[in-house]
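> dropping a prediction and its sequence here:
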Amino acid sequence: MLNISNHPDSATPRLDVRRFRAMDTLGDMRSARQFARVLAVLLVLLFLALFLPWTQNIRTRGGLTGRDPAMRPQTIHAIIPGRIEKWYVQEGQKVMRGDTIMRISEVKQEFFDPLLLERTGQQINAKEMTARSYQEKVNALDAQVDALNQAMVIKLDQARNKIIQANLQISSDSIRVMAAKTELGVARDQSRRGEEQFAQGLISMVELERRRVNVQRSTATMIDSENDLLDARNDLLNVQLEVGGIRNDYRDKLAKAESEKFSSMSQMYTTEAEVSKMQVDLASYVVRAGNYFITAPQNGYIIRAMRSGLGELIKEGEPLISILPERHEMAVEMYVLPMDMPLINKGQKVRFLFDGWPAIVFSGWPNVSYGTYGGEVVAIDNFISNNGKYRILVASDPDDKPWPDALRMGSGAVGIGLLGDVPIWYEMWRQLNGFPPDLYMDMKTVGNWGIDPEEDADYHK
């Protein structure tokens, strides 16, 4: 079989290559030279292609959302607990701001009264009248205090006048006592001289007895004058004591009036506090009654109802329905790795491939790609997300073609962040070594640190 045996039957038959055209072609040296030239040209072209420019990029996946938080889908929650009574909309229906979406009824016992607002208002009116009554009582007590003060002044003036009169009476009685003493001394002298004259026989017994009577009369007059003086002095002491009594009496009356006044003021303030609390309760009841109707916060479309049916109970803060705003500016929310974060700048260009839109992409040559749309970085988070990446927000590039109108919120998108232009050989070398893309900064945009390069150059000058 291997043509190593001497046995005649084991000889291998010879192949006649002239019968095959391909063998003739391979044996032709001219064809070999042409193949070598083609191979050499291809190698040269491949070598030259290594020096072609290649746009470095960062590719990540994201989803469509609203650029403004108010333009993103929002969920309406139940402010108060209740029971679903009626639906006014359907899923997919367009609603305007203020349109009623659903109506709920009360489930708490303290709010079952249908006349709760009216009766609370009546209670407030009654409390306000009570407060006004206390205010009138305080005013009356103020007037009573003023009257007592005026009466005390008058009484004290009267007492002071009595003191003056008593002092005058004491002066008058003192003079009378002095006159009575003088008269008594004269009468005694006359009686003594009458005794002497009667002994000498100069006067009669009748005259002597008359002089003795004058002494007794003068003595009685002096005693009466002294008694009057003592009475006047006692009257002065009584009037002085009366002044203190008047002051104590009116102080007691004023203290009682002031006490009643402050008690009335305390009750008035307590009533006013109760009125304020009831007014707060009434305002809360009014607001609560307004929350029985769930309304649309803005123009939009009903996306999905979280709770359905009638008579179903809902809790406070429970999500009820989702609304997509009518007017919303699309943006793509993407997440990049921390190692790529320094390469992303605000205002940087990004190319997108949207789900459902066919595209032919050459990531290194964005100008020859087809079906991609331009974007511009408008926001970058300064804190890492829970997934270990940084979130960036990319809006439509105003200098590029607009995004398709058929895009819907929540659709997927693949973003290609465009970086610097490098040769293909450098990109291949970088990929083989696992190095990150080169840090690239467009001199027309703001740098990583938020400093305009032109302003920075002027600053260093």
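Happy to help now that I have it.
> same question for the longest strand anywhere in the chain, mean pLDDT?
Secondary structure of the chain per DSSP state E: the longest strand is strand 53-66. Mean pLDDT, computed over strand 53-66, is 76.
> also stretch 130-144?
On average, stretch 130-144 scores 88.
> in which helix or strand would I find Val394?
strand 390-396 (DSSP states H and E).
> likewise Arg327?
Assessed by DSSP H and E, Arg327 sits outside every helix and strand.
> how much space separates it from Gln298?
From Arg327 across to Gln298, the span is 9 Å (C-beta to C-beta, to the nearest Å). C-beta: built from backbone N, CA, C; applies to glycine.
> compare those two (neighbour count), which wins?
Gln298 (15 against 11; other C-beta atoms under 10 Å).
> contacting residues around the closest residue in space to the more buried one that isn't next to it in sequence?
Excluding its sequence neighbours, the residue lying closest to Gln298 (C-beta to C-beta, 6 or more residues apart in numbering) is Arg97, at 5.1 Å. Applying C-beta atoms under 8 Å, 6 or more residues apart in numbering to Arg97 gives the contacts Ala296, Pro297, Gln298, Asn299.
> what's the first helix or strand after the longest strand of the chain?
Taking DSSP H and E, what comes next after strand 53-66 is strand 74-77.
> with just CA atoms, put that following strand into PDB.
In PDB, the C-alpha atoms belonging to strand 74-77 read as follows (Å, rounded to 0.1, in the frame of the first residue of the first chain):
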ATOM      1  CA  GLN A  74     -46.000  59.400  37.000                       C
ATOM      2  CA  THR A  75     -48.100  57.400  39.400                       C
ATOM      3  CA  ILE A  76     -51.100  59.000  41.200                       C
ATOM      4  CA  HIS A  77     -51.400  57.800  44.800                       C
END
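> rounded mean pLDDT for stretch 324-334, please.
82.
> which neighbours does the strand holding Val394 have in its sheet, and in what orientation?
strand 330-336 (antiparallel), strand 373-380 (antiparallel) (DSSP bridges).
> domains for this structure, by residue range?
For the chain, the domain assignment from automatic domain parsing gives the residue ranges 53-71+328-460, 74-106+292-324, 116-290.
> re the thing from before, columns pLDDT and distance to Val243 on top of the contacts of Arg97, output as a markdown table?
A markdown table is the format used below for those (pLDDT from 0 to 100; distance: C-beta to C-beta, whole Å):
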| residue | pLDDT | distance to Val243 |
| --- | --- | --- |
| Ala296 | 89 | 82 |
| Pro297 | 87 | 79 |
| Gln298 | 86 | 82 |
| Asn299 | 88 | 86 |
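> quick one: which of those has the most company?
Neighbour counts for those peak at Ala296, which has 20 neighbours (criterion: other C-beta under 10 Å).
> give me the nearest residue to that residue, chain neighbours excluded.
The shortest distance from Ala296 to any non-neighbouring residue, by C-beta to C-beta, 6+ apart, is to Val95 (4.3 Å).
> what bridges to the one you found?
Gly300.
> and Glu207, how many neighbours?
For Glu207, the count of nearby residues is 14 (other C-beta under 10 Å).
> count of neighbours near the closest residue in space to Ile323 that isn't next to it in sequence?
Leaving aside its chain neighbours, Ile323 sits nearest to Gly300 (4.4 Å; criterion: C-beta to C-beta, 6+ apart). Using other C-beta under 10 Å, Gly300 has 22 neighbouring residues.
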